[in-house]
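Trainee: all I have is the shape, not the residue letters:
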């Protein structure tokens, strides 16, 4: 029996965005702009590019702007068309034509594991992707397609890891891994959520891309609240890593490309600058200004 091709992706987007207050008091953090598009659009585009055509966004209260952004606005389209502004018309069509997007509410903010569990009915009994809206992966770097190949080969769940400075590991989930002979991916032996630097098994941090076997739902249903009194996806993956049988086992791809954490203020600003430098309309002028601006800091 051939492994199933993964077509479904879940995008948890119910977080409160408290690190960006007061900007996120009335606006979802996922709608904060990165250059000229909201952060969430980059994530949806990444999923569609990787072949995930059926998208489920897990939202919460005050997240209606997310649905509105990916919906059509005929009056705006008509106005732009009447003005002959094809460039802006194409830009808004890009968001509304990305894919088949569904929405479900996470009534209570009980953690990432609970948000994933909210997708059970929509996903059903097939492997699926999870993309966190805080993590932007540069479109020039491959990650999801590589992870999909690993999932097809191993049959279990696959996570993405990234090397960080040892003193930064306490901000992430951390993986204990071992080499798989003849392969570029690694086997996950155990996971620890936000360990102290001197207790971490490695400097490999879990970043916001997962390809999960549906067995994870069964585990999440029996996962007690963990760190922060939330249902942690990391805890469920720890169970699967040690389990036997169909859908067991967790492997990982170590990502060495460009990633931006838009949930962190400094990284958010860096993402805007890095992507704007390569922007067709903004790049040249921004580079010139940056050189002059940085020169002003030199002794």
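Mentor: Everything's here; your move. Just so it is clear, the structure is predicted and the values come from calculations on it, not from any experiment. Numbering: from 1, shown residues only.

Trainee: can you list the buried residues in the helix or strand hosting residue 75?
Mentor: Applying DSSP states H and E as the criterion places residue 75 in helix 74-83. By neighbour count on 16 or more other CB atoms under 10 Å, the buried set for helix 74-83 is residue 80. Backbone N, C-alpha and C define where each C-beta goes, glycine included.

Trainee: where along this structure do the strands fall?
Mentor: Secondary structure of the chain (DSSP state E): strands located at 8-12, 33-34, 37-38, 54-59, 100-105, 128-131, 135-137, 157-163, 173-179, 186-193, 204-212, 250-254, 259-261.

Trainee: can I get the ones you listed in CSV including mean neighbour count and mean pLDDT?
Mentor: As requested, those are exported to CSV (neighbours: other CB atoms under 10 Å; pLDDT from 0 to 100):
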stretch, mean neighbour count, mean pLDDT
strand 8-12, 26, 94
strand 33-34, 14, 92
strand 37-38, 20, 92
strand 54-59, 23, 93
strand 100-105, 15, 90
strand 128-131, 26, 96
strand 135-137, 23, 90
strand 157-163, 23, 95
strand 173-179, 19, 90
strand 186-193, 19, 89
strand 204-212, 24, 94
strand 250-254, 23, 94
strand 259-261, 20, 88
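
Trainee: and those strands as CSV, adding distance to residue 111?
Mentor: CSV is the format used below for those (distance: least, CB to CB, whole Å):
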stretch, distance to residue 111
strand 8-12, 10
strand 33-34, 25
strand 37-38, 24
strand 54-59, 12
strand 100-105, 15
strand 128-131, 13
strand 135-137, 17
strand 157-163, 17
strand 173-179, 12
strand 186-193, 10
strand 204-212, 14
strand 250-254, 19
strand 259-261, 19
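
Trainee: of the ones you listed, which is nearest residue 74?
Mentor: Taking CB to CB, strand 100-105 is the member of the strands of the chain nearest to residue 74, at 18.0 Å.

Trainee: shaky segments in this protein?
Mentor: By pLDDT under 70, the low-scoring segments of the chain are 1-4, 298-299.

Trainee: domains in it, by residue range?
Mentor: Per the record, the chain has its domains at 8-263, 264-299, by automatic domain parsing.

Trainee: give me the residue at the spatial middle of the protein.
Mentor: residue 132 (2.6 Å; CA atoms, centre = their mean).

Trainee: quick one: that residue and residue 122, what's the gap?
Mentor: Residue 132 sits 18 Å away from residue 122, going by CB to CB, to the nearest Å.

Trainee: on that earlier part again, relative to residue 276, which of the strands of the chain is closest?
Mentor: Among those, the nearest to residue 276 by CB to CB is strand 33-34 (8.8 Å).

Trainee: contacting residues around the closest residue to residue 108 other than its chain neighbours?
Mentor: Excluding the flanking residues, the one nearest residue 108 by CB to CB, 6 or more residues apart in numbering is residue 114, at 7.5 Å. Neighbouring residues of residue 114 by CB atoms under 8 Å, 6 or more residues apart in numbering: 106, 108, 220, 230-231.

Trainee: and those residues, which two are furthest apart?
Mentor: Spatial extent of those (CB to CB) is set by the pair 108 and 220 at 14.5 Å.

Trainee: more neighbours, those two?
Mentor: Taking other CB atoms under 10 Å, residue 108 and residue 220 do not tie; residue 220 has more neighbours (25 against 9).
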